[in-house]
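1. With the sequence up front, the predicted model follows.
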Amino acid sequence: MALPVEKQLSVVAALEPDELAGVLIPMRPDIRQRILATLSADRLLVVIGKVPADRAAELLPMVPPERLAPLVAGLADETLFALLRQLPADVQQRVWTAIPRERGQSIVSLAYQLDVRAALRRSNADVVVPTGAPRGILVATIVGKHIAVATIVGDDGWTAVHDAKEAAHRLRTVGALAVVDRAPADEVADHCRTMDWIDIVTWSGAHDDHYLKRSMVAVLS
């Protein structure tokens, strides 16, 4: 005889986090939602931590908004960022209000780094995040040559150029590229023109992809 639905739910909810994470994804959305509603905040965080960020972002919107915001502090930046992109605007706003200012800036920086990474890949570069690298540092590889890339939001260029140089020396790349979301200070642009292995470029969306590609070519030529 089959167990009653409520009994089935309690059995599933009692599974070890690894097992529970594995069975939640293929479940019917309504069943998933009911199970998630039974989990404590601490247990929910453990389960969410067992699945990739994009999968976690599928699950968390099923948590009632009033329970969602308090969970924010326990989520990794990557999971939180993926979650924010999936949430409806009203729920997204509620979550943002629960994010401290400094953490919010970190999320914005992560978003910019990921967007620049996608743009570099559209320019036919292989892109990785170096092991142990600070936020914003990437390595782009074109025709077998490596470029250290520093991405920074809200910078006049000096910090991005400094970080790109540091990364290039540390990672021993052939060149460096500083990517910022606004026009760099004239002094920064002039500084980069004195060296043939580093450049700075403004990128704020796909419409700037050709500038990004041109800068990569300039660094390698």
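-> Yep, it's here. Just so it is clear, the structure is predicted and the values come from calculations on it, not from any experiment.
2. How far off centre is the longest helix seen in the chain?
-> Scanning the chain for the longest helix, with DSSP state H as the assignment, gives helix 101-122. Offset of helix 101-122 from its chain centre (C-alpha atoms, centre = their mean, to the nearest Å): 6 Å.
3. so who does residue 55 touch?
-> By C-beta atoms under 8 Å, 6 or more residues apart in numbering, residue 55 lies in contact with residue 25. All C-beta spots, glycine's among them, are computed from the backbone N, C-alpha and C.
4. Report the next helix or strand after the longest helix of the chain in sequence order.
-> Using DSSP states H and E, the next helix or strand after helix 101-122 towards the C-terminus is strand 126-128.
5. now the strands for the protein?
-> 126-128, 137-142, 145-152, 175-180, 198-202 (DSSP state E).
6. of the ones you listed, which approaches residue 97 most closely?
-> Closest approach to residue 97 among these (C-beta to C-beta): strand 145-152, 25.4 Å.
7. helices or strands next to the closest one in the packing?
-> Identification of packing neighbours for strand 145-152 by 3 or more C-beta pairs under 8 Å, 6 or more residues apart in numbering; DSSP states H and E yields helix 101-122, strand 137-142, helix 158-171, strand 175-180, helix 209-220.
8. Columns distance to residue 90, mean pLDDT and mean neighbour count on top of those, output as TSV?
-> Below are those laid out as TSV (distance: least, C-beta to C-beta, whole Å; pLDDT from 0 to 100; neighbours: other C-beta atoms under 10 Å):
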stretch	distance to residue 90	mean pLDDT	mean neighbour count
helix 101-122	18	95	16
strand 137-142	34	97	20
helix 158-171	35	97	19
strand 175-180	32	98	28
helix 209-220	32	95	18
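9. which residues of this structure score low on pLDDT?
-> Low-confidence segments of the chain (pLDDT under 70): 1-8.
10. Please parse it into its domains.
-> As recorded under automatic domain parsing, the domains making up the chain are 5-99, 105-220.
11. that older thread, the strands of the chain: which one's closest to residue 20?
-> The minimum distance between residue 20 and the strands of the chain falls on strand 126-128, with 31.8 Å, by C-beta to C-beta.
12. separation between the residue nearest to residue 133 when sequence neighbours are not counted and residue 148?
-> Of all residues not flanking residue 133 in the chain, residue 167 sits nearest, at 7.0 Å (C-beta to C-beta, 6 or more residues apart in numbering). According to C-beta to C-beta, to the nearest Å, residue 167 stands 4 Å off from residue 148.
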